[in-house]
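J.: sequence and predicted structure, then a few things I'm wondering about:
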Amino acid sequence: MSQVLPAEGGLRRVIGDGESLPDGEVEGLGDAELLALYRDLVLLRTYDERSVVYHRQGRIGTYAIFWNHEAMQAGAAFALEERDWIFPSYRESAIGLVRGMPASTVLSWWRGHPAGWWNPEDSNVASICVPIGTHVPHAVGFAWGSKLKGEDRVAIAFFGDGATSEGAFHEGATFAGVTKAPAILFCNNNQWAISTPLAEQTAAPTLADKAIGYGMPGLRVDGCDVLAVYEATRDAVERARAGEGPTFIEAVTYRSAPHATADDPSIYIDPERVEEARESECVGRYERYLVRAGVLTEETIESVKNEALELMRAGIAEAEAEPPADPGLVFEHAYADPPATLADDLAELRRILGG
């Protein structure tokens with residue numbers, strides 16, 4: 001079971017440091033599950049790193065980096081059943097990969113190509129939400145509806161600390177508490193809402209303290225400890241399935257990469273804190289844990305990383321092989337009764353694009 005470390009603000013943690021702090025373990029996870037979780041982490045890390053390169057080469061537009069957020073995404077998703085639903089924000093754009101979604105689909109989404117849209121029912125992953133926090137009521141409404149239908153499904157919504165300052169978050173959280181919806185509100189608190197620090201968003205001691213106002217428990221977990229994230233989410237899932245309602249999880253980390261490829265964090269972020277976060281980043285921390293436990297070898301590490309790279313190479317090739325999209329799709333469902341000028345607008349767009 002995990003340990004709670006008072007020195008770190010009561011954060012739940014499982015993985016030690018290999019020296020003064022001993023490693024814990026999570027009941028019910030054998031070697032096969034531990035390795036599967038490692039593969040998910042490496043896949044997400046590889047996707048993120050290659051996407052940044054992809055952007056720098058001009059092959060996608062602005063990209064929301066999630067480097068060092070992989071433990072929150074993989075750990076939480078691993079605690080869910082396939083029948084459970086995930087409602088991602090743009091920071092979790094690639095979370096569908098752990099549900100078997102093709103890399104080319106997510107890459108096409110960032111390219112603005114229609115091949116980047118998917119049927120949410122195929123993987124139980126909702127469309128990526130770019131507006132801040134507006135998907136929280138969606139997730140809660142879905143969870144409540146599933147409860148009314150007797151479907152035994154849990155819905156998890158991922159969002160950043162900045163979303164807790166939005167009205168949609170408060171509305172969704174209130175809705176969840178009142179209806180006892182089987183929902184998990186998962187906050188990846190990297191302590192920055194772009195350039196706004198957490199201290200300028202709330203006077204509460206922690207974001208988890210807000211949970212009591214909505215009638216739900218609030219948990220705090222080390223967001224770079226994938227096993228602690230998994231265990232906390234698993235507990236929240238069990239609670240939801242038992243009819244006990246929603247849970248708020250605050251996964252704490254420090255943002256160690258830009259908010260997005262269009263952001264220059266050097267003018268506001270603490271470089272020493274960034275360096276500390278990068279030294280203890282989540283993939284390497286879990287990798288060292290598995291090596292200490294005798295579960296992971298150098299050969300397996302290389303194999304898993306090569307597998308993820310090959311998947312990304314294939315995904316990039318497939319995404320770029322898609323034929324150019326018809327610009328008429330932009331206009332097709334914009335109006336129930338299109339104005340007469342819309343045809344002229346489309347013709348002008350086609351002329352500009354050379355088509």
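T.: Received, thanks.
J.: make it CA atoms for all contacts and neighbour counts henceforth
T.: Noted.
J.: show me where the stretch 101-250 of the chain has its strands.
T.: In chain order, the stretch 101-250 of the chain shows strands spanning 155-160, 183-189, 192-193, 196-197, 218-222, 247-252, with DSSP state E, counting those that start in this stretch as the criterion.
J.: what's the angle from the second one to strand 218-222?
T.: Strand 183-189 and strand 218-222 meet at an angle of 40 degrees, taking axes from the mean of the first three to the mean of the last three Cα atoms, to 10 degrees as the criterion.
J.: and strand 183-189, what other elements does it pack with?
T.: Counting by 3 or more Cα pairs under 8 Å, 6 or more residues apart in numbering; DSSP states H and E, the packing neighbours recorded for strand 183-189 are helix 135-149, strand 155-160, helix 226-241, strand 247-252.
J.: pLDDT weak spots in the stretch 1-150 of the chain?
T.: Confidence mapping of the stretch 1-150 of the chain against pLDDT under 70 gives the ranges 1-9.
J.: then the stretch 251-355 of the chain?
T.: 355.
J.: helices along that one, start to end?
T.: Counting by DSSP state H, counting those that start in this stretch, the stretch 251-355 of the chain has helices at residues 271-279, 282-292, 298-320, 329-332, 341-352.
J.: out of those, nearest to residue 255?
T.: Using Cα to Cα as the criterion, the shortest distance between residue 255 and these is 6.9 Å, found for helix 271-279.
J.: related to what we said a few turns ago, quick one: the helices and strands packed on strand 183-189 as CSV, columns for distance to residue 349 too.
T.: Formatted as CSV, the entries for the helices and strands packed on strand 183-189 read as follows, by distance: least, Cα to Cα, whole Å:
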stretch, distance to residue 349
helix 135-149, 32
strand 155-160, 36
helix 226-241, 47
strand 247-252, 45
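J.: most tightly surrounded among those?
T.: Each of those was scored by mean neighbour count; the highest is strand 247-252, a mean of 28, by mean count of other Cα atoms under 10 Å.
J.: could you check the angle that strand makes with strand 218-222?
T.: Orientation of strand 247-252 against strand 218-222 (the same axes, to 10 degrees) gives an angle of 30 degrees.
J.: for stretch 91-102, measure first residue to last.
T.: Terminal residues of stretch 91-102 lie 18 Å apart, using Cα to Cα, to the nearest Å.
J.: what's the neighbour count on the residue lying closest to residue 342 once chain neighbours are set aside?
T.: Closest residue to residue 342 apart from its sequence neighbours, by Cα to Cα, 6 or more residues apart in numbering: residue 331 at 7.7 Å. Applying other Cα atoms under 10 Å, we find 13 other residues in the vicinity of residue 331.
J.: surely residue 331 and residue 346 touch.
T.: Yes: A contact is recorded between residue 331 and residue 346 when judged using Cα atoms under 8 Å, the distance being 7.4 Å.
J.: from residue 131, how far off is the nearest residue in space to residue 193 that is not next to it in sequence?
T.: In space, and not counting its chain neighbours, residue 193 is closest to residue 162: 4.7 Å by Cα to Cα, 6+ apart. When distances are taken as Cα to Cα, residue 162 and residue 131 turn out to be 11 Å apart.
J.: who's more crowded, the two?
T.: Neighbours per residue (other Cα under 10 Å) separate residue 162 from residue 131, with residue 162 holding more: 23 against 10.
J.: state the distance from that one to residue 35.
T.: Here residue 162 is placed at a distance of 33 Å from residue 35 (Cα to Cα).
J.: same question for residue 352.
T.: 51 Å.
J.: those two: who's more crowded?
T.: Higher neighbour count among residue 352 and residue 35: residue 35, with 19 against 9, using other Cα under 10 Å.
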